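>>> Kindly return the folded structure for what I paste below:
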Amino acid sequence: EFTLSQCLEDFLQCHINAFRFFGGIPRRVLYDNLKSVVLSRVGTDIRFNPAFMEFAGVFGFQPVPCNVARGNEKGKVESGIYFLRVSFLAGRDIRWPDINPDVQSWLAEVANVRLHRTTRERPLDRIEREKPFLTPLPPRPYDAAITKALPSSHQALVRFQGNFYSVPHRYAYKT
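Purely as a prediction, here's the structure:
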């Protein structure tokens, strides 16, 4: 899934979309040390992002950060990104928002039906075989929307991420 932002809320929504796609939640998820997950790290002492940990708690998975400077721990992820670059992105004229339907078609027609070099099986078959081991999705939807208090101008406009949005006039000058 492609996004136009790297904010925590979009990161969480991408997780939700992935969990829905796979039909459940894995017990553990491996992460690089990005700030959305790991705020700081001193040796084995890891300070996780509290908002991310709340999300992980709601969905019931354990985030596992890679060790620093240990690229071998995330090699499977990196090789998947490489495959995406050479098989899908190479030579493609990227247009928003068409890129997401395009990548979904590519997944269904190319990536998930090919014979994977490492596993020697089609990813589509592997996904179906592993589904019974996933934890079910929570019954209530998780709201990953951005919540931010912003001041309204005298013209009843709120500026958010470089754009102006109108609000009812009774909210002019209010947060």
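>>> I figured Arg28 hits Gln62, correct?
Yes: using CB atoms under 8 Å, Arg28 is in contact with Gln62, at 4.8 Å. In short, each C-beta sits where N, CA and C put it, glycine included.
>>> Give me the more crowded residue out of these two.
Neighbours were counted for Arg28 and for Gln62 using other CB atoms under 10 Å; Gln62 has more, 11 against 8.
>>> list the contacts for that one?
27-29, 56 (CB atoms under 8 Å, 6 or more residues apart in numbering).
>>> contacts for the lowest-mean-pLDDT helix or strand in the chain?
Least confident helix or strand, the chain: helix 75-84 with a mean of 80, by mean pLDDT, DSSP states H and E. The contact list for helix 75-84, computed with CB under 8 Å, 6+ apart, reads 30, 32, 71, 111, 118.
>>> pLDDT at the first one, what is it?
Read it as Leu30. Leu30 carries a pLDDT value of 89.
>>> So it, which state does it fall into?
strand (DSSP: H, G, I helix; E, B strand; the rest coil).
>>> Would you state the helices of the chain in chain order?
8-22, 50-59, 75-84, 99-106, 123-130 (DSSP state H).
>>> ok, back up a step: measure how the least confident helix or strand of the chain sits relative to helix 99-106, angle-wise.
Helix 75-84 and helix 99-106 meet at an angle of 100 degrees, taking axes from the mean of the first three to the mean of the last three CA atoms, to 10 degrees as the criterion.
>>> pretty sure Tyr165 is touching Leu157, no?
Yes: assessed by CB under 8 Å, Tyr165 is found in contact with Leu157 at 6.8 Å.
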